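**Student:** Structure for the following, please:
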Amino acid sequence: MKSSPVAAELIKKIEGLSLIPYKCPGGVLTIGYGHTKTTKPGMKITAKEADALLADDIKECEESISKLVVVPITQNNFDALVDFVFNLGESNFKKSTLLKRINAKRFYEAADEFLKWNDINGKPSIGLTNRRAAERNLFLNL
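**Tutor:** Modelled structure (predicted):
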C-alpha cells in the first residue's frame with residue numbers, strides 16, 4: 001500500500017521545514033521535514049531536497065507498515081501509521097500494542113494506543129500529544 005498526499009501534508013504541518021540542522025526536542029539532529037538519518041552538522045539543503053528526503057523517508061515507512069500490518073486497513077489507517085512510523089521508527093512500531101491491536105482487527109482499541117506515545121524522555125509533550133491526536137483522528141477518519 002502507498003500513502004496518500006494526506007500523510008506527507010500531516011508530516012509537513014507537524015514537522016515544519018528547516019533548511020539547516022537543528023536538534024529536535026528529543027535531542028536528535030534534524031533537517032528538512034523531520035529528516036534525521038543522514039543529517040550532519042553544518043549541512044544545508046534546499047526545499048526541493050527537503051521534499052526528496054521526505055519522500056525517501058515516507059517510502060521507508062510504507063515498507064515497514066506493509067511488512068508488519070498483516071490485515072487489510074483503510075487509506076486513512078495507513079496514512080496515520082505513516083506519520084506514526086515516521087516519528088517513532090519501525091522498531092517502536094514493531095513492538096507496540098498499537099500494531100498488535102491492528103493485526104487483531106481491534107481498530108478502535110488500536111486508535112487509542114496512538115495517544116500513549118506522547119512522551120519525550122519520560123515527560124509528556126504537548127507537541128506529541130497533539131500529533132498523536134491528529135494521527136488517531138485520521139486513523140478513525142474523524
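**Student:** The longest strand belonging to the chain pairs with which strands, parallel or anti?
**Tutor:** In the chain, assigned by DSSP state E, the strand with the most residues is strand 18-23. Neighbouring strands of strand 18-23 in its sheet, by DSSP bridges, are strand 29-32 (antiparallel).
**Student:** per-residue confidence for Leu10?
**Tutor:** In this model, Leu10 is scored at 98, pLDDT.
**Student:** just the one 5 residues further on next, same as before
**Tutor:** Model confidence at Glu15, given as pLDDT, is 97.
**Student:** what's next to the longest strand of the chain, contact-wise?
**Tutor:** 29-32, 39-47, 50 (C-beta atoms under 8 Å, 6 or more residues apart in numbering). Yep, even glycine has a C-beta here, placed from its N, CA and C like the rest.
**Student:** Name the nearest residue to Cys24, sequence neighbours excluded.
**Tutor:** Thr30 (4.7 Å; C-beta to C-beta, 6 or more residues apart in numbering).
**Student:** and the gap between that neighbour and Val69?
**Tutor:** Using C-beta to C-beta, to the nearest Å, Thr30 is found at 27 Å from Val69.
**Student:** Go ahead and measure how far the longest strand of the chain is from the middle of the chain.
**Tutor:** 18 Å (C-alpha atoms, centre = their mean, to the nearest Å).
**Student:** swap in stretch 13-21?
**Tutor:** 14 Å.
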